[in-house]
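Colleague: what follows is a predicted protein model with its sequence.
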Amino acid sequence: MIFDNLKKGSVAAEGGILSKNAPVDRKIGEIEFNGEGRKRMRLRRVRPVVEADSGGGMTVLSDYDAGLKKKRSEILMENETLPSSGGHETHRRAFGLTSVIGRRREMEDAAAAELGFLRGGGRRYDFFGVYDGHGGCRVAQACGEIFHKLVGKIAEEQSGGWDNKNNVIDWEKVMAAGFEKMDEEVNKAGEEVATTGSTAVVAVVGDEEVVVANCGDSRAVISRGGVAVQLSDDHKPNRPDELERIENSGGKVINWNGQRILGVLATSRSIGDEYLKPYVIAEPEVKIANRTALDEFLILASDGLWDVVSNELACQVARRCLNGELRATASNPKFSEVDDSSSTGWSRASEAAACLTELAIGRGSSDNISVIVVELKQSSSV
C-alpha cells in the first residue's frame with residue numbers, strides 16, 4: 001500500500017486539521033478522513049525530544065506539549081535534529097509551521113512538514129506543503145496526509161535506486177506525476193468530494209536545490225541576499241495565459257465577487273474540483289532553484305497571508321524574527337529565552353511563522369491562514 005490507514009478520530013502529526021470527534025465519511029486512496037472541518041482547535045507548542053541512534057544520527061522519540069490553548073486556532077511548530085548526508089555528523093533543519101482558522105467559520109486549510117521524507121545515496125530531502133481547501137476540508141486534509149508519500153514513492157521509482165550517488169531526480173516529472181496521482185485519488189472518492197478541491201504549494205528542500213511546485217494561489221517566496229524572490233506564480237482566472245487556456249477549453253470567467261471560473265472558483269488550478277474540469281486543471285508549475293550561500297529562508301503560505309501581506313513585508317518580518325529582533329505576542333516565555341543554538345531549543349523559525357500569522361490577522365485577513373517558514377542558512381553541526 002502507498003498510504004497508511006488513518007484511524008477514525010486521529011489528529012494529523014503536522015498541520016492539525018483533523019477533528020478528534022468528527023465522523024469519518026469518505027476515503028481517498030487508502031485513507032479515511034473527516035467530512036467536517038475543525039471548529040474548535042488549540043494552540044500548542046511542540047519540542048521534539050531527541051536521542052542518538054546507532055547510526056550516529058538523532059531520532060525523535062516524543063513531543064513536548066507546553067499546553068498552551070487558544071480558542072478556534074492551532075499553531076504547530078517544530079525544530080528537529082537530523083543525520084547529515086555523511087551519516088555521522090548531525091545538523092538541524094529549523095522550521096516553523098502555523099495553521100489557524102482565523103475569521104472563517106470552518107477550517108479548510110492543511111499544512112505538512114516531513115523532514116527526511118526521502119533519503120538515500122548520501123542525499124536527504126525535506127518536504128513542506130500548504131493546502132488551501134475550498135468547498136470543504138476534505139481534499140486539503142487528504143493532501144496533508146498523503147501527498148508527501150506519493151511524491152516520495154514516485155521519486156524513488158524514478159531514480160532507479162539509491163545505490164548510485166550520481167542518480168539525478170527529474171523533479172519536474174516527479175512533481176507532475178505526484179499532482180496527477182493526488183488528483184486521481186481525490187476524484188475517485190465520489191460525488192461529494194468531486195465538488196470540492198484544494199490548492200497546493202509544496203517545496204522539497206535538499207542540500208543542493210529547492211524544488212517548488214504550485215497549483216493554485218498559495219505561494220512560495222524565498223529570501224535570497226535580503227531580496228524577496230517569488231518562486232511560484234498564482235493561478236488566477238484573469239491571468240492572461242490562464243484566461244486563454246480556460247476559454248480555449250470552452251469555459252468562461254465571470255466577475256462574481258471577483259473573477260471566477262463559471263462564477264464559482266477564484267483559482268484556475270487545483271487538486272480536485274472534478275465538476276469544473278477541464279477548465280480547472282491539476283497541472284503544477286515547477287521551479288528548481290539551486291541553493292546558494294545567499295539563501296536565508298523559505299516561506300510557504302496560503303492566500304490568507306498573501307492577500308494582505310506583500311512578499312517584501314513577509315520577508316522583512318520573518319528576517320527580524322530569525323535575527324531575534326521580533327517575537328510573536330502568543331510566544332511562551334519559557335521557550336523565548338532558550339538559546340536557539342541548542343539542538344532542543346525553540347526554533348526562531350517558529351516565531352517567524354507565528355508573527356506572520358498574527359500580522360495577517362491584524363491586517364484584516366478574513367481567510368484561514370497557513371504559514372511555513374524554513375531556514376536555509378548553513379545548518380550548524382551539533
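Modeller: Nice, thanks for sending it over. Predicted model, so just to flag it, every value in this text is computed and none were measured.
Colleague: can you name the residues that contact A220?
Modeller: For A220, the contact set (C-beta atoms under 8 Å, 6 or more residues apart in numbering) comprises 201, 203, 212, 214, 230-232, 298-300. To be clear about C-beta, it is placed using only N, CA and C from the backbone, and glycine gets the same treatment.
Colleague: could you check how far it is from L231?
Modeller: Going from A220 to L231 by C-beta to C-beta, to the nearest Å gives 4 Å.
Colleague: hang on, the earlier thing: out of the contacts of A220, which end up buried?
Modeller: 201, 203, 212, 214, 231-232, 298-300 (16 or more other C-beta atoms under 10 Å).
Colleague: re earlier: which of the contacts of A220 sits closest to S99?
Modeller: Closest approach to S99 among the contacts of A220 (C-beta to C-beta): L300, at 11.3 Å.
Colleague: quick check: which element contains that closest one?
Modeller: strand 295-301 (DSSP states H and E).
Colleague: strand partners (parallel or antiparallel) of that strand?
Modeller: strand 219-224 (antiparallel), strand 369-375 (antiparallel) (DSSP bridges).
Colleague: please work out the average pLDDT along that strand.
Modeller: For strand 295-301, mean pLDDT is 98.
Colleague: ok, then the element right after that strand?
Modeller: Past strand 295-301, the next helix or strand by DSSP H and E is helix 303-306.
Colleague: what do A220 and L231 both touch?
Modeller: 203, 212, 298.
Colleague: could I get the residues you listed as TSV with distance to A328?
Modeller: Below are the shared contacts of A220 and L231 laid out as TSV (distance: C-beta to C-beta, whole Å):
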residue	distance to A328
A203	22
V212	25
L298	19
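Colleague: of all those residues, which comes closest to E375?
Modeller: Using C-beta to C-beta, the shared contacts of A220 and L231 come closest to E375 at L298, 8.3 Å.
Colleague: ok, the closest one - contacts?
Modeller: 128, 203, 205, 210, 220-223, 231, 372-374, 376.
Colleague: and stretch 203-220, what's buried?
Modeller: 203-206, 210-220.
Colleague: same question for it, mean pLDDT?
Modeller: Rounded mean pLDDT across stretch 203-220 is 97.
Colleague: now the end-to-end length of it.
Modeller: 8 Å (C-alpha to C-alpha, to the nearest Å).
Colleague: what about the helices in the stretch 51-200 of the chain?
Modeller: 138-159, 171-187, 191-194 (DSSP state H, counting those that start in this stretch).
Colleague: remind me what the second one packs against, helices and strands.
Modeller: Here helix 171-187 touches helix 138-159, helix 191-194, strand 197-205, strand 209-215, strand 271-272, strand 285-290, going by 3 or more C-beta pairs under 8 Å, 6 or more residues apart in numbering; DSSP states H and E.
Colleague: any chance of the ones you listed in a markdown table, with distance to A314 too?
Modeller: Shown next, in a markdown table, are those (distance: least, C-beta to C-beta, whole Å):
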| stretch | distance to A314 |
| --- | --- |
| helix 138-159 | 21 |
| helix 191-194 | 32 |
| strand 197-205 | 14 |
| strand 209-215 | 16 |
| strand 271-272 | 24 |
| strand 285-290 | 18 |
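Colleague: which stretch in the ones you listed has the least confidence?
Modeller: It's helix 191-194: among those, that one has the lowest mean pLDDT, namely a mean of 79.
Colleague: now do the buried residues in that one.
Modeller: 193-194.
Colleague: what's that helix packed up against?
Modeller: Looks like helix 191-194 contacts strand 24-28, helix 138-159, helix 171-187 (3+ C-beta pairs under 8 Å, 6+ apart).
Colleague: what about the strands paired with strand 295-301, which gets the closest to F147?
Modeller: Short answer: strand 369-375, nearest of the strands paired with strand 295-301 by C-beta to C-beta, at 13.8 Å.
Colleague: state the distance from D367 to D132.
Modeller: 8 Å.
Colleague: so for those two, which sits in the more crowded spot?
Modeller: Between D367 and D132, D132 has the larger neighbour count (other C-beta atoms under 10 Å), namely 29 against 20.
Colleague: and the gap between the more buried one and M182?
Modeller: 14 Å.
Colleague: show me where pLDDT drops low in this structure?
Modeller: For the chain, the stretches with pLDDT under 70 are 1-92, 160-166, 330-346, 378-382.
Colleague: repeat the analysis, applying 80 as the threshold.
Modeller: In the predicted model, the chain carries pLDDT under 80 at residues 1-92, 120-121, 159-167, 190-192, 330-346, 378-382.
Colleague: most tightly packed of the strands paired with strand 295-301?
Modeller: Each of the strands paired with strand 295-301 was scored by mean neighbour count; the highest is strand 369-375, a mean of 29, by mean count of other C-beta atoms under 10 Å.
Colleague: before I go, just wanted to say thanks for your time.
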